[in-house]
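**Q** Kindly generate the corresponding structure for this input.
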Amino acid sequence: MSDRCGWVGQEDIYVAYHDEEWGVPEFDGRTLWEKLVLDGFQAGLSWITILKKRENFRSAFHGFDPELIATWGEAEVARLLQDSGIVRHRGKIEATIGNAKAWLEIEQREGFSAFLWDRIHGQPIQNHWQTLAEVPAQTPLSVEISRDLKAEGFRFCGPTIVYAFMQATGMVNDHLVTCPRHDECTKMSL
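**A** Modelled structure (predicted):
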């Protein structure tokens, strides 16, 4: 795919992520939570760093099971801080535990997927960017969702992280119009 979005590196794992996952509408609440957690861990780092460690994260966080993670305490934080396979950042690890508790409350009340997707009536926003320079780092909607997540108890979910999450989970189609994945992802939302 020669006209891929310009942010894609040359590494196979990056190309596969772009070609198969990024921008595909995701409606599973647990998968959405995992992706939000990983985007939070990415803050201050490159996405390729997280992508290369994603399987280690899945192992260290027991498949991103929020019911289990919500019960964790200092012993698990200490264990994770010793795990060189993940990003060892106390604040992000502790936020993941707190975010699991917040996720459980939202999931029980209305469903995490509905909490997010209802804001755009269950349909991805279809952008038509020509260049990477046009793609925003955040939008009024990502600011609103960030604010609402924080009100629910989430951390490491600022407007820029939320917008990256929205792009990754297909809530917005930010593939450039010159990228073949733009039309493919558009068709997924019809």
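**Q** Pretty sure Thr169 sits against Gly29.
**A** No: no contact is recorded between Thr169 and Gly29 when judged using Cβ atoms under 8 Å, the distance being 11.2 Å. (C-beta placed from N, C-alpha, C; glycine too.)
**Q** ok, now which ones touch Glu94?
**A** Glu94 is in contact with Val77, counting by Cβ atoms under 8 Å, 6 or more residues apart in numbering.
**Q** element containing it?
**A** Using DSSP states H and E, the secondary-structure element containing Glu94 is helix 90-109.
**Q** quick one: buried residues of that helix?
**A** Along helix 90-109, these residues count as buried under the neighbour rule (16 or more other Cβ atoms under 10 Å): 92-97, 99-104, 106-107.
**Q** separation between Pro66 and Leu104?
**A** From Pro66 across to Leu104, the span is 6 Å (Cβ to Cβ, to the nearest Å).
**Q** give me the low-pLDDT residue ranges for this structure?
**A** 1-2 (pLDDT under 70).
**Q** Break down it into its helices, ranges please.
**A** 12-20, 29-42, 47-60, 66-69, 74-81, 90-109, 112-117, 140-151, 159-168, 180-188 (DSSP state H).
**Q** Distance to Gly6 added to those, as TSV?
**A** Formatted as TSV, the helices of the chain follow (distance: least, Cβ to Cβ, whole Å):
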stretch	distance to Gly6
helix 12-20	11
helix 29-42	19
helix 47-60	14
helix 66-69	35
helix 74-81	34
helix 90-109	28
helix 112-117	27
helix 140-151	21
helix 159-168	14
helix 180-188	13
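**Q** Between the ones you listed, which one is closest to Trp129.
**A** Of all those, helix 180-188 sits nearest to Trp129, with 8.8 Å by Cβ to Cβ.
**Q** In CSV, could you pull the C-alpha coordinates for that closest one?
**A** Once side chains and other backbone atoms are set aside, the C-alpha atoms of helix 180-188 remain, and they are given as CSV (Å, rounded to 0.1, in the frame of the first residue of the first chain):
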residue,chain,number,x,y,z
PRO,A,180,-6.6,3.2,0.5
ARG,A,181,-7.7,2.5,4.1
HIS,A,182,-9.8,5.7,4.1
ASP,A,183,-12.4,4.3,1.8
GLU,A,184,-12.1,0.8,3.4
CYS,A,185,-12.8,2.3,6.9
THR,A,186,-15.6,4.5,5.5
LYS,A,187,-17.3,1.4,4.1
MET,A,188,-17.1,-0.3,7.5
